[in-house]
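# give the three-dimensional model of this entry:
(one chain, ligands or ions: 1)
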Amino acid sequence: MDKNSQHHPLLRYELDGLSQPMRWLLEKNLLQGKILIYGTDSYERVLLSKKGYDIEVCNRDYQPTHPKEKFDTIISIYLFNWLDNIEQNNVLLSVSRLLKHGGKAYFAVKHHFGFKNICLNEQHEIVETEANVTLPFKKVFQGYILDIYKFQHFNIINRNRSQCPYCSPQQEVMLENEYSYAMLSNSPISKGHTLVIPKRHVANYFDLTINEQIACQLTLNRLKKIIDEEHSPDGYSVSINMNAWAGQGVDHVAIELVARYENSERGEKIGFEVNK
Ligand SMILES: [Zn+2]
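Below you'll find the model as predicted:
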């Protein structure tokens, strides 16, 4: 795509069918590489495809199976306004999984409701509630009725922030949501040995807030599905070590998911291998 053509008046006219967030992303030249629109209708995909953008749509209501490939740019427009906190965190897990390492996601949310806005979803014949949303990511656009947040993987944003290996992970993040992320173990004792880690530096699992514990649990649940698909293990162990006497080597909570395989040595040192 010719970068200069993006600011041509004719192009702007042709692209009038785009939403305000999409127009802003287009004008800032943030629609890069392979693009996914997550959770909204496809009319924007048609308009942008005509202009040469490599763009796909994944509507979570109608396409429970996600695309297999990963994307450089993922855009979600107003989806979060329709979701409760648990579903927001589940969407974040999906987006973080679909985003290439180094890729960027943009979430546009509306924030003009003085109260919860109840309306009818005619397609599903159900009443839905639209609510204000604030996300814990960098705000790149602040408007009168909407904000746009930029999301990048936790390990990229926090690369050199801390000496703690879980506050500044060196490995790629597999999945993440508002308060937690998942990555492969540094010292795997089986295929699919992974960790779920809260983003906040807390040593004891029971000192996490209930929302952080819920975020960790949602990540653990999704991680188990991924390990099932990739390795088909015969069983799992889930463990959390607290304090050195329990084998905790890093002063930051880690929930271990160890995939177990029939006819293999089960290994009694769950946890000790990882944190030494
Ligand atoms: Zn830490």
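
# quick check, S190 in a helix?
No - the assignment for S190, made by DSSP: H, G, I helix; E, B strand; the rest coil, is coil rather than a helix.

# quick one: it and P233 touch, right?
Yes - counting by CB atoms under 8 Å, S190 does reach P233; the two are 7.4 Å apart. Heads up, the C-betas are built off the backbone N, CA and C, glycines and all.

# which residues are common contacts for those two?
Taking CB atoms under 8 Å, 6 or more residues apart in numbering as the contact rule, S190 and P233 both touch A259, R260, Y261.

# so how far is L195 from the first one?
Separation of A259 from L195 (CB to CB, to the nearest Å) stands at 13 Å.

# and these two? which has more neighbours close in?
A side-by-side neighbour count of A259 and L195, using other CB atoms under 10 Å, places L195 first with 26 against 23.

# spell out which parts of the stretch 101-250 of the chain neighbour the ion.
C164, Y166, C167, H201 (CB under 5 Å from the ion).

# which one of the residues you listed is nearest to D228?
Using CB to CB, Y166 comes nearest to D228 of these, at 24.6 Å.

# skip the chain neighbours and tell me the closest residue to that closest one.
H252 (4.1 Å; CB to CB, 6 or more residues apart in numbering).

# related to what we said a few turns ago, now the two most distant members of the residues of the stretch 101-250 of the chain next to the ion.
Maximum pairwise distance among those (CB to CB): 7.6 Å, between Y166 and H201.

# what is in contact with the two at once?
Common contacts of Y166 and H201, defined by CB under 8 Å, 6+ apart, comprise H252.

# the more surrounded of the two?
Taking neighbours as other CB under 10 Å, Y166 and H201 compare with Y166 leading, 22 against 12.

# so who does the more buried one touch?
I197, H201, V250, H252, V253, A254.

# give me the distance between it and E27.
Per CB to CB, Y166 is found 38 Å from E27.

# and stretch 219-232, how far from the chain's centre?
Mean C-alpha position of stretch 219-232 versus that of the full chain (CA atoms, centre = their mean, to the nearest Å) differs by 15 Å.

# where exactly do the strands run in the stretch 101-250 of the chain?
Using DSSP state E, counting those that start in this stretch, the strands of the stretch 101-250 of the chain run over 117-121, 126-130, 138-142, 146-151, 175-176, 180-184, 194-198, 235-240.

# could you spell out the sheet neighbours of the last one, each with its direction?
Meaning strand 235-240. Counting by DSSP bridges, the strands paired with strand 235-240 are strand 255-260 (antiparallel).

# and the angle from the partner strand to strand 194-198?
170 degrees (axes from the mean of the first three to the mean of the last three CA atoms, to 10 degrees).

# which other residues reach strand 255-260?
Contact partners of strand 255-260, identified using CB under 8 Å, 6+ apart, comprise 185, 189-197, 205, 216, 220, 223-224, 227, 231, 233-240, 266-267, 270-271, 274.

# give the buried subset of these as a ChimeraX selection command.
Only the buried members of the contacts of strand 255-260 enter the following ChimeraX selection, criterion being 16 or more other CB atoms under 10 Å:
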select :185,189,190,192,193,194,195,196,197,205,216,220,223,224,227,233,236,237,240,270,271,274
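
# can I get the CA coordinates of stretch 195-210 in PDB?
C-alpha atoms of stretch 195-210 as PDB (Å, rounded to 0.1, in the frame of the first residue of the first chain):
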ATOM      1  CA  LEU A 195       3.600 -21.200  34.500                       C
ATOM      2  CA  VAL A 196       0.800 -18.800  35.200                       C
ATOM      3  CA  ILE A 197       2.100 -15.600  36.900                       C
ATOM      4  CA  PRO A 198       0.300 -12.600  38.300                       C
ATOM      5  CA  LYS A 199       1.700  -9.400  36.900                       C
ATOM      6  CA  ARG A 200       2.000  -7.700  40.300                       C
ATOM      7  CA  HIS A 201       5.100  -8.600  42.400                       C
ATOM      8  CA  VAL A 202       3.600 -10.600  45.200                       C
ATOM      9  CA  ALA A 203       5.300 -13.500  46.900                       C
ATOM     10  CA  ASN A 204       2.300 -15.300  48.500                       C
ATOM     11  CA  TYR A 205      -0.700 -16.500  46.400                       C
ATOM     12  CA  PHE A 206      -3.100 -15.700  49.200                       C
ATOM     13  CA  ASP A 207      -2.000 -12.000  49.200                       C
ATOM     14  CA  LEU A 208      -3.300 -11.600  45.700                       C
ATOM     15  CA  THR A 209      -6.600  -9.800  45.300                       C
ATOM     16  CA  ILE A 210      -9.600 -11.900  44.300                       C
END
